[in-house]
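> Got a sequence here, can you model it:
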Amino acid sequence: MQTIDQVAVFGEHDDATLAQIRSVAARAERAALMSDGHVGYVQPIGGVAAYDERVSVVGLGFDIACGNCAIRTDLTPERVGDARRWQQVASEIERTISFGIGRKNEADDAPVDHPLFQNEAWYAVPPKERGRLKTKARQQLGTVGSGNHYVDVFADDAGAVWVGVHFGSRGLGHTIASAFLALGQNRAWGERAPEQEVLLPLDAPIGHDYWELMTLAGEYAYAGREWVARKVVQLLGGCELDLVHNHHNFAWREEHGGRLLTVVRKGATPAYPGQRGFVGGSMGDDAVIVTGAVTEDSDVADLQRAALYSTIHGAGRVMSRTEAAGKRNRRTGEVTRPGRVTPEMMRDWIGRKGVILRGGGLDESPHVYRRLPEVLASQEGTVTVERTLRPLVVVMAGANEFDPYKD
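Residues are numbered from 1 along each chain as shown. Next comes the predicted model:
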């Protein structure tokens, strides 16, 4: 770790990412940057910022409560079946779970009557908008979206099969973030506003309402991820033995240095000593179950405090989506500028790893990400790897899906 302008920085980063976290730190009480960091809207992905009685709307981001959920099953790859059966599993997941833009959950057992829909936080939504937003949220609960969101089936280093999912609060979270970004700039709910810093005081009605709806979006994301993961366990014919579940785009009230602060993690996983998390790699790389280090080593404990008890949420991008996949005419689909990653490159990587892939675009190829072991090493012992998960099946939205709720 190095300290740059009083910011704890893990790993190596480009100048633009460092400039973003410095800017955030100038407004926050404390800040840190994880080793998977890269440029985001105002606050970098992998950035952590602690505020005194305020919360950053754009710092937390548009995909409120994006996170990871992993379930360990009682299955082994051999018990699931042979190579043909695994191809069937991939197809069943693709057919059963909804991926892509604005999808509706068409399953008979979709959780449309979840108790969260009776939560009083809905009254923070203007009456004219409330019914429409609640309907959209009901339809999308248990859908995955596009971009880097996925359903994976893994085998761990002990031979157990795991199911892992990654997505957030879908259109509900995007609507909440967009609305309060506008309200914080003295605009109306639903009005388009620029992606600039908006710090809401928690003791004011606007901050209180945002916090209540952010919390609701968190409950929504937890419900959606657990429904999807358990649905896939059911498809596999297994039973759930263990659950690891965490947000990595969220804000929490936490004590740091004897002070109660609002900690905004954007693409960063909470990692208090003993706290477990699921961290993905890429469609062609291993994932891990990690635990915040429990240690008597004072140097490691100091690093954990400097990181605001946070760690990485993934491997971290090294190419933008356009840089990787090129540019297309959205109307015709024609490539107007080629990218750095070709279909052959992606197929070769996936083939060598033996992964069965459904969907996924060049902008999510393993080539656009750092390698997870190196990123973990740069966190300098603040977390320990409990399990390593090797991908068997990866299911994502199709390559040409556009999804406004993916980030």
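> export stretch 174-182 as PDB, just CAs?
Provided in PDB are the C-alpha atoms of stretch 174-182 (Å, rounded to 0.1, in the frame of the first residue of the first chain):
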ATOM      1  CA  HIS A 174     -31.200   3.100 -11.500                       C
ATOM      2  CA  THR A 175     -34.400   5.100 -11.100                       C
ATOM      3  CA  ILE A 176     -33.600   6.000  -7.400                       C
ATOM      4  CA  ALA A 177     -30.000   7.100  -8.200                       C
ATOM      5  CA  SER A 178     -31.100   9.100 -11.300                       C
ATOM      6  CA  ALA A 179     -33.900  10.800  -9.400                       C
ATOM      7  CA  PHE A 180     -31.800  11.900  -6.400                       C
ATOM      8  CA  LEU A 181     -29.000  13.000  -8.700                       C
ATOM      9  CA  ALA A 182     -31.600  15.300 -10.200                       C
END
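> Helices along the protein, start to end?
For the chain, the helices defined by DSSP state H occupy 15-27, 57-60, 77-80, 83-96, 127-140, 170-183, 205-236, 298-306, 321-325, 343-353, 372-377.
> Return the distance of the fifth one from the chain's centre.
On the basis of Cα atoms, centre = their mean, to the nearest Å, helix 127-140 is displaced by 23 Å from the centre of the chain it belongs to.
> Also the fourth one?
Helix 83-96 has its C-alpha centroid displaced from the chain centroid by 24 Å (Cα atoms, centre = their mean).
> from now on call the first residue 49
Yes, from this point I'll number from 49; that puts the last item at helix 131-144.
> quick revisit: mean pLDDT lowest where, among the helices of the chain?
Lowest mean pLDDT of these: helix 369-373, a mean of 89.
> Please enumerate residues in contact with that helix?
When contacts are defined by Cβ atoms under 8 Å, 6 or more residues apart in numbering, helix 369-373 is touched by residues 385, 387-389, 409-411, 413, 415-416, 447. For the C-beta atoms, the positions are set from N, CA and C on the backbone; glycine is no exception.
> Which of the residues you listed lies at the shortest distance from residue 343?
residue 416 (33.6 Å; Cβ to Cβ).
> what residues are up against the closest one?
Applying Cβ under 8 Å, 6+ apart, the residues near residue 416 are 330, 365-367, 369, 371-372, 389.
> What of residue 385?
370, 374-375.
> Report the buried members of these.
Neighbour-count burial (16 or more other Cβ atoms under 10 Å) is assigned, among the contacts of residue 385, to residue 374.
> So which of the contacts of residue 385 is the closest to residue 399?
Nearest to residue 399 among those, with distances taken as Cβ to Cβ, is residue 374, at 21.9 Å.
> Looking at the residue nearest to that closest one when sequence neighbours are not counted now. What's its pLDDT?
Nearest residue to residue 374, sequence neighbours excluded (Cβ to Cβ, 6 or more residues apart in numbering): residue 387, at 3.4 Å. Predicted confidence (pLDDT) at residue 387: the value is 92.
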